[in-house]
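> What would the 3D arrangement of this be:
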Amino acid sequence: MAKVRTKAIISKPAPWWLMQGDEECPACGELYIYELEFRCPECDTISCLHCRRRHSDGRWMCVSCAESDKETP
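Residues are numbered from 1 along each chain as shown. Model prediction:
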């Protein structure tokens with residue numbers, strides 16, 4: 001009878017963009033990867049990609065600038 005060879009399953013590390021980062025977002029406190037940070041064009045604040053908001057004219061900005069922009073008429 002012939003033996004069946006099985007290959008060992010090798011676990012590969014996750015891609016770098018799916019791993020948990022070591023930078024902390026000042027807006028939400030979550031960790032993110034430095035290469036994926038977002039800088040607000042209005043105030044140059046650093047945040048993670050989840051803490052950005054789209055302005056009505058299509059620009060991306062940080063949460064604080066989006067909040068202050070809503071308050072001004």
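
> quick one: Pro15 from Glu37, how far?
17 Å (C-beta to C-beta, to the nearest Å). No exception for glycine: its C-beta is placed from N, CA and C like everyone else's.

> Comparing those two, which residue is more hemmed in?
Glu37 (14 against 7; other C-beta atoms under 10 Å).

> So that one versus Asp44, what's the distance?
Taken as C-beta to C-beta, the span from Glu37 to Asp44 is 12 Å.

> What values do phi and psi take at the closest residue to Leu36 other than its chain neighbours?
With sequence-adjacent residues excluded and distances taken as C-beta to C-beta, 6 or more residues apart in numbering, Leu36 is closest to Leu49, at 5.8 Å. The phi/psi pair for Leu49 (degrees, to the nearest 10) reads phi -70, psi -20.

> ok, Leu49 - contacts?
Residues near Leu49 by C-beta atoms under 8 Å, 6 or more residues apart in numbering: 32, 36-38.

> Kindly recompute the last result at 10 Å.
25, 32-33, 36-38, 60 (C-beta atoms under 10 Å, 6 or more residues apart in numbering).

> Return the member of these nearest to Lys3.
Ile33 (45.1 Å; C-beta to C-beta).

> Ala66: how many residues sit nearby?
19.

> which stretches of this protein have low pLDDT?
Scanning the chain for pLDDT under 70 picks out the ranges 1-2, 8, 69-73.

> Helices of that one, start to end?
Using DSSP state H, the helices of the chain run over 63-71.
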